[in-house]
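S.K.: I'd like to go over a predicted model; first the sequence, then the structure.
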Amino acid sequence: MKIQIKTKLLLDGLVKVKETLDKSTKFPICTMIKFHVTKKGLILTTDNTVNSTEHIIKTKDQELEVFDIGSVMIPPLIIDIIKKMGSGVCITVSDHPNEESTDQRLINLQSIDSKIKTEIDMQGISAVEFPRFISKKGKPLLTLESSHFIAILNKTVFAASTDESTPIFTGVHIKQNDGELIFSTTNRHRLARACYKTDSLIEFGNGMVVSAVPLSKVSKLINSNKVDLYYVDNRLIIQSGDTTYTTTLLEGTYPNVDRIIPVTEDFKASFLIHRTELLASLEMQFILKGDSSQGGITIMKTNPEGSIKLTSDDTSLAAGRGEIFINEFIGEEMEVSINTKYFIEALKAYQSRMVRVVLTGDLGPILIKPEDLNGDVQLILPFRSSKQTK
């Protein structure tokens, strides 16, 4: 195998596939990057047995030249080496001179930069035992703009649980309902839901649950205006341009989170508020909390005359008070204790100028919705603060 390639082009591909390298040593071959060269180009692949990534660099890009085809597994150390090889590099792979080392390969890297003369020799192994990459089958489940897909992930993945003792809650639940694709996450204390309307969705049963951690990194892999989603052999396949990502679905039944969300009419108070103003005030409360390991508690009190007041809970190291004017207030005067960190993350999930906050009771769910009311919602359960227990 022998190729000559621009380092920037190669690094871009290596960065995309490195996220699914296996960090354990259970399967040594999965701790390496597969280089597969054909006459059409270079295919980079990694697989950690749960998630995998494939990135294709085509020869038509005129920055890749193929001399000899072949495959090899190369240690991830090559990423740091390529960064120091100047503008281009020639990679040559040959059999190991020791006949007993049938799986070993010799890899020679030479810079092709007029200002840098570097040559590196390293060892790789045969790619024969590397897992087969899952191929797409048929039409995509859904095709959507990459900006919409990234926005959906940004609105949901952060609210998933990180507690591995309940693995189903560490995932994003994806289901379809009346022409909508609905993404939901919850950790039992908060819930996030984002909806995408479409008339081209292919049926895929009762939904699927995908681990939130790898999905949170998918935005780094997207390199085109469109994203195709496929459902093949208990895997979700996400394709964007020349990059394809696959992840194994989580096993188990996801709870019906729709019943957790109160109907809009069942509220004690509702108001519109400038998202960035509320965010800035809560971020100040979070700073004053000092020990933010539990997210911090902020007391939110509504004023029927058109404002809300935010104060720190008694357990804070420093006390803070703020008042923000609101619009379209409906309901009664109320006081609730909120998880400051959760509320901040919920507000950051949206880009709208205004958000609607709905309070359903002293200890009832708090709803945060974007101004356009398109079905997206953030739900946070309030705390029983020290003031309320006295």
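M.R.: Noted; the coordinates are in hand.

S.K.: the stretch 51-200 of the chain: strands as residue ranges?
M.R.: With DSSP state E, counting those that start in this stretch as the criterion, the stretch 51-200 of the chain has strands at 51-58, 64-68, 70-74, 88-95, 104-111, 119-125, 142-145, 171-177, 180-186, 190-197.

S.K.: give me the number of residues near the residue lying closest to Asn48 once chain neighbours are set aside?
M.R.: Excluding the flanking residues, the one nearest Asn48 by C-beta to C-beta, 6 or more residues apart in numbering is Asp22, at 4.0 Å. C-betas here are computed from N, CA, C, even on glycine. Neighbourhood size, Asp22 [other C-beta atoms under 10 Å]: 18.

S.K.: now Gly241
M.R.: 16.

S.K.: excluding residues flanking it in the chain, which one is nearest Glu129?
M.R.: Distances taken as C-beta to C-beta, 6+ apart place Ile29 nearest to Glu129, at 5.6 Å, with adjacent residues excluded.

S.K.: can I take it that that neighbour is in a strand?
M.R.: No: under DSSP: H, G, I helix; E, B strand; the rest coil, Ile29 falls outside any strand and is assigned helix.

S.K.: what's near enough to touch it?
M.R.: Met73, Ile125, Glu129, Phe130 (C-beta atoms under 8 Å, 6 or more residues apart in numbering).

S.K.: these, buried ones only, as a PyMOL selection?
M.R.: Restricted to buried positions by 16 or more other C-beta atoms under 10 Å, the PyMOL selection for these reads:
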select buried, resi 73+125+130
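
S.K.: which residues pair with Ile380 across the strands?
M.R.: Arg190, Ile366 (DSSP bridges).

S.K.: compare the strands of the stretch 51-200 of the chain and give me the one nearest Lys369.
M.R.: Nearest to Lys369, of all the strands of the stretch 51-200 of the chain, is strand 190-197, at 10.0 Å by C-beta to C-beta.

S.K.: CA atoms of the closest one as CSV?
M.R.: C-alpha atoms of strand 190-197 as CSV (Å, rounded to 0.1, in the frame of the first residue of the first chain):
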residue,chain,number,x,y,z
ARG,A,190,-35.6,16.7,34.1
LEU,A,191,-36.8,16.0,30.6
ALA,A,192,-36.0,17.4,27.2
ARG,A,193,-38.1,16.9,24.1
ALA,A,194,-37.5,18.2,20.5
CYS,A,195,-39.7,17.6,17.5
TYR,A,196,-39.1,17.6,13.8
LYS,A,197,-42.0,17.7,11.3
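
S.K.: can you check what angle separates that strand from strand 171-177?
M.R.: Counting by axes from the mean of the first three to the mean of the last three C-alpha atoms, to 10 degrees, strand 190-197 lies at 40 degrees to strand 171-177.

S.K.: going forward, count from 56.
M.R.: Got it, first residue is 56 now, which makes that one strand 245-252.

S.K.: return the distance of strand 245-252 from the chain's centre.
M.R.: Its chain's C-alpha centre and that of strand 245-252 lie 14 Å apart, by C-alpha atoms, centre = their mean, to the nearest Å.

S.K.: that strand - contacts with which helices or strands?
M.R.: helix 201-211, strand 235-241, helix 395-403, strand 432-435 (3 or more C-beta pairs under 8 Å, 6 or more residues apart in numbering; DSSP states H and E).

S.K.: kindly recompute the last result at 7 Å.
M.R.: For strand 245-252, the packing partners by 3 or more C-beta pairs under 7 Å, 6 or more residues apart in numbering; DSSP states H and E come out as helix 201-211, strand 235-241, strand 432-435.

S.K.: would you mind finding the most buried of these?
M.R.: Most buried of the helices and strands packed on strand 245-252 by mean neighbour count (mean count of other C-beta atoms under 10 Å) is strand 432-435; its value is a mean of 24.

S.K.: pLDDT of it, averaged?
M.R.: For strand 432-435, mean pLDDT is 97.

S.K.: please apply the same query to stretch 383-399.
M.R.: Averaging pLDDT along stretch 383-399 gives 93.

S.K.: quick check: Ala401 touching Ile423?
M.R.: Yes: in this structure, Ala401 is within contact of Ile423 by C-beta atoms under 7 Å, at 5.0 Å.
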